[in-house]
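>>> structure here, sequence nowhere to be found:
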């Protein structure tokens, strides 16, 4: 895969022979993404597991999130894969909204799901992840695994470091995400690794309608330079 070839080092001559061409390929991915999404309008990125089964409670949550965002006139951006991503894209299409899928080259996935209206396939994770943030006004995060956690924590870091501002992050599924929040509070906060106020960067709910309302209307508090927080 492209990411693997980029990150593997084969020797001191590798850059001379291959890496400059990869720079051009990476540039082309950014150009393609910017061009395809420039006129998208208001959008929310929805994350969640590719392993979520159709008909399961988490899948139905995703469908409902997509429908409600579509009803609000907001496009939905997902990773374009199966599971919760498919659910959110499906709900968006059923609600007559704009359904976007940002796919990624992986050895164990089968391409974009059938509910994607506007799809882009990426070779590089970092180019794809830029699009999730650049063209969305917030994140709704359904239960998921390592990929979902990666996207969630990167979003939190971007807000905490003020690389992005006024960017709500809503976790959907209290029973799933609650233990992680308690671990952050009981271990990371207790050990002084993060501030208690960093937990204000995320909101935890069970109702898809509440998640949509929060991501569209919440006022996010970003850390100030002196360690306190102030509204953006």
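That came through fine. All of these numbers come straight from a predicted model, not from anything done at the bench.
>>> what separates the longest helix belonging to the chain from the chain centre, distance-wise?
In the chain, assigned by DSSP state H, the helix with the most residues is helix 19-37. Taking the mean of its C-alpha atoms, helix 19-37 sits 20 Å from the chain's own mean (Cα atoms, centre = their mean, to the nearest Å).
>>> report the rounded mean pLDDT for it.
When pLDDT is averaged over helix 19-37, the result is 90.
>>> count the residues that sit near residue 44.
Here the number of neighbours of residue 44 (other Cβ atoms under 10 Å) works out to 27. For the C-beta atoms, the positions are set from N, CA and C on the backbone; glycine is no exception.
>>> I'd guessed it sits against residue 68; true?
No: at 10.1 Å, residue 44 does not count as touching residue 68 under the criterion of Cβ atoms under 8 Å.
>>> helices along the protein, start to end?
Using DSSP H, the helices of the chain run over residues 2-7, 14-17, 19-37, 57-71, 84-94, 125-134, 146-160, 174-183, 208-217.
>>> same list (these) but as CSV, adding mean neighbour count and distance to residue 107.
Shown next, in CSV, are those (neighbours: other Cβ atoms under 10 Å; distance: least, Cβ to Cβ, whole Å):
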stretch, mean neighbour count, distance to residue 107
helix 2-7, 13, 10
helix 14-17, 10, 22
helix 19-37, 14, 19
helix 57-71, 23, 24
helix 84-94, 27, 18
helix 125-134, 19, 14
helix 146-160, 17, 14
helix 174-183, 13, 27
helix 208-217, 20, 32
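>>> and the spatially closest residue to residue 167 that is not a sequence neighbour, how close does it get to residue 100?
Computed as Cβ to Cβ, 6 or more residues apart in numbering, the closest residue to residue 167 that is not its neighbour in sequence is residue 159, at 5.2 Å. In this view, residue 159 and residue 100 are 22 Å apart by Cβ to Cβ, to the nearest Å.
>>> and for residue 90?
Plainly put, residue 90 is 13 Å away from residue 100 if you go by Cβ to Cβ.
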